[in-house]
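# no sequence on this one, just coordinates:
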Ligand code: SF4
């Protein structure tokens, strides 16, 4: 598949360290300017909660929280951190300050596992995060997305569909209390699902890191109220450009005027009815072109979002045609996330959007069984032995 001429960024090999580059707080810049005092505030708050609640924590959680407190001590004293040490990133700091006190330690443990376990290749019974796609259908055909691959997105290809509520409940029932990070996203547009209200309702009070990604083109008053009144922690709006012509060239089928109208509506409803809501709104795009600038995006969109980010491009649209590469690093996805598709198929990543790596279905197997299965471990083993080239499509992927 030949690249769209608008994509002029050379994909970078992704390292597995979560960074805050290409990220800016739209409104809350005070926190970023006063880094040191912010660190002290966070550290004090973790410590206070730890002293009060340590009796009720598991040994493992105690160990991780002490590790984070030690990391903060080092950061405050300008010392560098070791590989297993961790302080919150900018967007986590935003989330941290909207947490209820009772959830602070739970959040710190969750984010430690999300960031550090993939780096150190630590496995527990469950992954730190799960992506659940309500649907694989999408109304857009963005040029960097696998939806532009007709062998995936055409109705006759067999990949399109909607998740049944029963399957969703089965997965949620299993992972409640085991996985904190649940993202409504992956290959399709979640707001297309007619039962999204029931999906969101079923998650209420169960997860600390509930997130939904949307292209925002289908937002209307009803959907905005549904999202803002839900238990979401983060609502991500996928927008990559501030310029109409470029936006519409990237987000094929979307109309810039409609997006601006939807953002205005979202802003008004949020200000009027959900002023104290904990939900953070992030505008997040993919950097496919050297002309895109996160600072310019911030200037343009800051009244509509709390955070603006541009994530690195990966050639998803041609995952199975990209050249075989020589990357030998282990892939962090194998330790961070698991993906449940609309039909129950479970996959280690969405780079492999046609799920050639999958041997499992959540209708029949538990997430725990799949995550710890021999075949999953065999993929991890080959990665560890620097033999990912033996696996399609890991041999063509730049994720590490
Ligand atoms: S294709 Fe392989 S290397 Fe790429 S993200 Fe998926 S599991 Fe990781």
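Arrived safely. Keep in mind it's a predicted model, so treat the numbers as computed, not measured.
# Please make it C-alpha for all contacts and neighbour counts, starting now.
Noted.
# Run me through the strand neighbours of the longest strand anywhere in the chain, direction for each.
Ordering each strand of the chain by length in residues (DSSP state E) puts strand 280-287 first. Strand 280-287 sits in its sheet next to strand 234-238 (parallel), strand 307-312 (parallel), going by DSSP bridges.
# closest one to the ligand among those strands?
strand 307-312 (13.8 Å; C-alpha to the nearest ligand atom).
# And the next helix or strand past the closest one?
Going down the chain from strand 307-312, the next helix or strand is helix 333-336, by DSSP states H and E.
# Who are the packing partners of that following helix?
Helix 333-336 sits against helix 104-120, with contacts defined as 3 or more C-alpha pairs under 8 Å, 6 or more residues apart in numbering; DSSP states H and E.
# contacts for the helix it packs on?
Residues outside helix 104-120 that contact it (C-alpha atoms under 8 Å, 6 or more residues apart in numbering): 16-18, 46, 49-50, 61, 64-65, 68, 83-86, 88, 96, 123, 128-129, 180-181, 208, 332-336.
# repeat that for 6 Å
Defining contact as C-alpha atoms under 6 Å, 6 or more residues apart in numbering, one finds that helix 104-120 is touched by 128, 332, 335, 336.
# Could you confirm whether any residue of it contacts the ligand?
No: using C-alpha under 6 Å from any ligand atom, helix 104-120 stays clear of the ligand, with a minimum separation of 11.4 Å.
# What residues of that helix count as buried?
Residues of helix 104-120 classed as buried by neighbour count (16 or more other C-alpha atoms under 10 Å): 104-105, 107-119.
# do the same with stretch 278-290
278, 279, 280, 281, 282, 283, 284, 285, 286, 287, 288, 289.
# With stretch 355-365 instead?
355, 357, 358, 360, 361, 362, 363.
# Sitting in strands, which of those residues do you find?
Going by DSSP E, the strands hold 360, 361 from these.
# Just to check, residue 136 is in contact with residue 189?
No: using C-alpha atoms under 6 Å, residue 136 is not in contact with residue 189, being 7.0 Å away.
# per-residue confidence averaged over the longest strand of the chain?
Average pLDDT, strand 280-287: 95.
# cool, stretch 366-379 as well?
Averaging pLDDT along stretch 366-379 yields 98.
# Residue 125 in helix, strand or coil?
coil (DSSP: H, G, I helix; E, B strand; the rest coil).
# quick one: the strands in the stretch 51-200 of the chain?
129-132, 181-184 (DSSP state E, counting those that start in this stretch).
# And the last one, what does it pack against?
In this structure, strand 181-184 packs against strand 129-132, strand 209-214, with contacts taken as 3 or more C-alpha pairs under 6 Å, 6 or more residues apart in numbering; DSSP states H and E.
# ok, back up a step: got the angle between the helix or strand following the longest strand of the chain and strand 280-287?
Using DSSP H and E, the helix or strand that follows strand 280-287 in sequence is helix 294-301. Here the directions of helix 294-301 and strand 280-287 differ by 130 degrees (axes from the mean of the first three to the mean of the last three C-alpha atoms, to 10 degrees).
# roughly how far is helix 294-301 from the heart of the chain?
Relative to its parent chain, helix 294-301 has a centroid offset of 21 Å by C-alpha atoms, centre = their mean, to the nearest Å.
# cool, and stretch 353-366?
20 Å.
# contacting residues around that stretch?
In contact with stretch 353-366 (C-alpha under 6 Å, 6+ apart) are residues 344, 345, 346, 347.
# need those residues in CSV with secondary structure and neighbour count, can you?
Shown next, in CSV, are the contacts of stretch 353-366 (DSSP: H, G, I helix; E, B strand; the rest coil; neighbours: other C-alpha atoms under 10 Å):
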residue, secondary structure, neighbour count
344, coil, 21
345, strand, 17
346, strand, 25
347, strand, 27
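# Before I go, just wanted to say thanks for your time.
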